[in-house]
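Asks: quick one, fold the following:
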Amino acid sequence: MKKIITLLALCCLPMLAAAQSLTAAQKEEALRTVTEFCSFVERFCKGERTLDTQIYALCSGRGCSTFDDIGTNSETKMENYLSAIQKTYARSLQTEISAPSLAKSKTYMEPEVGLSTQWGNFGMSELSTTMVTEADAVGISNQYIAFDVVQSYPALGKSMEKKIVYDVNNRKITAFITGGGTFISFLEGVSALTAKDYSSAVKYFDAASQNERDPAFQKRCNLLSAICCAYTLDIESAFKYAQKAGDELYIANFGHMLSLMHENFEKASKYASSLSDIIESRTDMTQYQKSCAYTMLGSFFVEAPTPYQDVEKGVAYLKRASSLGNPAAKYAIFIYQMNRLIPDEMLGDDESVKLMVEAAEMGYPPALTMAGFLEEYFRKNSQKATMWYEKAAQAGNPIGMALYGRMLMKAGNEYEAKKWLNKSLEGQGFENQIKEYELQFGAYFFPWPKSRQDVIEMLGTSSTDGGSHDGGSAYTPQVNNLQQTPANTTTQHTVSTPDVTTSHYSRKRYRKPFNEPVDDYKIAGLSVGYVSKQWQAKADGQSLKYGIWEDSKQMNGLQIGVRVEPQFKFGFGINTGLYYEFYFTKSNTLTDDYGEYTGKVHEHCLYLPIHLEYRLNFSETFQAFFYGGIGLDCGVSASFTMEDEHNDAYDITVDDVYGSEYFPDWKRFNASFEYGAGIRFKMIQLNFTAAKGLVNMSAIDEYKVYQNKNMSLSLSMMF
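Replies: From the prediction side, this is the model:
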């Protein structure tokens, strides 16, 4: 269990927060900010020394990382760099900075790191088939755009290539440095972490942590290095980086792990007590991370040798983790109760079995085979036993594969049975799993299989040979109410294995066609969302995008309707439906020589999408998809009012704006080319759609006008 505790400890660490993907608007804002920054720096150098305030406002502050190519030729703060220019060149320093462009930029994505737990080969464990924890980039925490520019000083006869790094989340410039700057090292580090190249990531974070001017930045780099070391099980290095960072949670976490590895239970106990107090005070840990921490602490106090063992405290921690939904805690309680580490008066058999089944229902691999064993030998439900064995087999458990194959063979499905039986014998996982079950439950807990030879014998047996499918091994499990019998017990009883209903399993489809949805896939539902539309005028190779009013770029609206998505084979389908859209906009106060006015526009529309869709059915509960096609819009009604704030006599009302003198470039009908993507979790679906108008709405020939939808975001409940 020591390695499992180590893996659980990795799940206790706070990861990064989620953020949205980079949009075209964010890119444009970044380019605009960086362009303005370059202009201000040039003008400051040339003598406009009051622009320092505007420069700091565009940056992360006076301490923004900057390369000083005037005096020190080293990385410094923005305020030091501007001060060096002002002192060295009191009147003026001719400076030119090349125009930044998105084409000459690189986007770095700081990952939102999650932990995936799976059943697989973990080489450093005594039992190599066990739980494996890896870091996965499950989202984006932040993004940075690094613009390449050249800053030259004609009077000095020199120039230098620099990078301007824009922080998307904070909408600020965070570095104006060379390619070898510490912040660039940090960005390369997060890229390596995303790619799971942990050794390279540590090297980059080490280089980035040399930035002594920003302690918070140093701490961040050291914590990321600690996490990278932990994923490779270099716990000693992880502990050293945690100490460098000075974070109490990381120090206690890795200190506890390191003490266990060295079997220093006194230190491990002290770190465990410290960790318990820290968990309660940390606000940056998710419920899942806290549940992993409680599971780790509970396992330690139950298993620790005297005098550090405290079973009552350990059970309390495990129950707390179980209440937070941690399947490892539920299964651990079951194992400890069976092995009598938890006494009967503290926890009953029924409660521990119930928790084990809950862990299996949550998909926790170690519990799946055990749930099947419970159904087959104690509840005599072969159908449910087969279901659990199948799940265990699909999770990669070799014994689960063998048991599933045996049940299929008994059901007459010899072809599928032999595939799973053969798969169970691949590699050394079978023997390792047998050894693990012997340690946990006793040498004869499973009547079959006891060895690789049992499976080999079944592979040579005909499926019509009824009672021989247990490979000649006909032992009852040596447990009483799912309690372990000591390993040296030799009492044996003959038992006839319950038959599975052959007619049921002979008709079962064990493999669906590629990328098919589940049988009860929901194809219709109610949808509500946000929409926006924008006009785009084109003439003489130039383009202008605008909304209704001079100070607006788009017109916002609400959408509600019925979504229909029939699915065909291999993931292909149709995305259609019928929607009502209501657009509305109100101007700011408009002023001219005649007075002050406020304008309002309302529009009611019907919208019909006709899209071809491709859907990736990752699981029964989660799908991702993308689509494209035609969208048809029909304006039902649109009205315009202009109210004089001082004289009602000058008010203007237009009940039908389509093609009116006020809106000549606005037609009732529109067709668009549309594209989008989305995700579905169970019955909840999220869609993102954009549309480019195909109908020229211009009232004259000198220019063309198209009506686009920048972004539609909808949430649907499918039923």
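
Asks: pretty sure Tyr56 belongs to a helix, no?
Replies: Yes: in this structure, Tyr56 lies within a helix as judged by DSSP: H, G, I helix; E, B strand; the rest coil.

Asks: show the model's pLDDT score for it.
Replies: Turning to Tyr56, the model gives it a pLDDT of 95.

Asks: from the chain's centre, how far out does the one helix or strand Ala216 maps to sit?
Replies: Secondary structure from DSSP states H and E places Ala216 in helix 215-231. Centre-to-centre, helix 215-231 and its host chain are 20 Å apart (Cα atoms, centre = their mean, to the nearest Å).

Asks: determine the set of other helices and strands touching the very next helix or strand once past that helix.
Replies: Next along the chain after helix 215-231, taking DSSP H and E as the criterion, comes helix 235-245. Counting contacts by 3 or more Cβ pairs under 8 Å, 6 or more residues apart in numbering; DSSP states H and E, helix 235-245 packs against helix 215-231, helix 248-261. To be clear about C-beta, it is placed using only N, CA and C from the backbone, and glycine gets the same treatment.

Asks: quick one: mean pLDDT for the helix holding Ala216?
Replies: When pLDDT is averaged along helix 215-231, the result is 86.

Asks: what do you get for stretch 688-708?
Replies: Computed over stretch 688-708, the average pLDDT equals 92.

Asks: mind checking the end-to-end distance for it?
Replies: Using Cα to Cα, to the nearest Å, the gap from the first to the last residue of stretch 688-708 comes to 15 Å.

Asks: count of residues packed around Ile684?
Replies: By other Cβ atoms under 10 Å, 12 other residues sit near Ile684.

Asks: which helix or strand contains the closest residue in space to it that isn't next to it in sequence?
Replies: Using Cβ to Cβ, 6 or more residues apart in numbering and skipping residues adjacent in sequence, the residue nearest Ile684 is Met717, 6.6 Å away. Secondary structure assigned from DSSP H and E places Met717 in strand 704-718.

Asks: stretch 399-417: which residues count as buried?
Replies: With burial defined by 16 or more other Cβ atoms under 10 Å, the residues of stretch 399-417 counted as buried are 399-411, 413, 416-417.

Asks: leaving out sequence neighbours, find the closest residue to Leu608.
Replies: Nearest residue to Leu608 in three dimensions, chain neighbours excluded: Leu632, at 4.6 Å (Cβ to Cβ, 6+ apart).

Asks: quick one: mean pLDDT over the helix or strand hosting the one you found.
Replies: Applying DSSP H and E as the criterion places Leu632 in strand 622-644. For strand 622-644, the mean per-residue pLDDT is 93.

Asks: next SSE after that strand?
Replies: Read in the C-terminal direction, the helix or strand following strand 622-644 is strand 652-654, with elements assigned using DSSP H and E.

Asks: if you average the pLDDT over that following strand, what comes out?
Replies: When pLDDT is averaged along strand 652-654, the result is 89.

Asks: again with stretch 356-367
Replies: Stretch 356-367 comes out at a mean pLDDT of 86.

Asks: that stretch: how far from the chain's middle?
Replies: For stretch 356-367, the distance from its own C-alpha centre to the chain's C-alpha centre is 23 Å (Cα atoms, centre = their mean).

Asks: could you export that stretch as PDB, CA atoms only?
Replies: What follows is stretch 356-367 as a C-alpha-only set of coordinates in PDB (Å, rounded to 0.1, in the frame of the first residue of the first chain):
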ATOM      1  CA  MET A 356     -16.600  -1.500  -2.000                       C
ATOM      2  CA  VAL A 357     -19.600  -1.800  -4.400                       C
ATOM      3  CA  GLU A 358     -19.900   2.000  -4.400                       C
ATOM      4  CA  ALA A 359     -16.200   2.200  -5.500                       C
ATOM      5  CA  ALA A 360     -16.900  -0.300  -8.300                       C
ATOM      6  CA  GLU A 361     -19.900   1.700  -9.400                       C
ATOM      7  CA  MET A 362     -17.600   4.700  -9.600                       C
ATOM      8  CA  GLY A 363     -15.300   2.800 -12.000                       C
ATOM      9  CA  TYR A 364     -12.400   2.200  -9.500                       C
ATOM     10  CA  PRO A 365     -10.500  -0.700 -11.100                       C
ATOM     11  CA  PRO A 366      -9.400  -2.600  -8.000                       C
ATOM     12  CA  ALA A 367     -13.000  -2.900  -6.900                       C
END
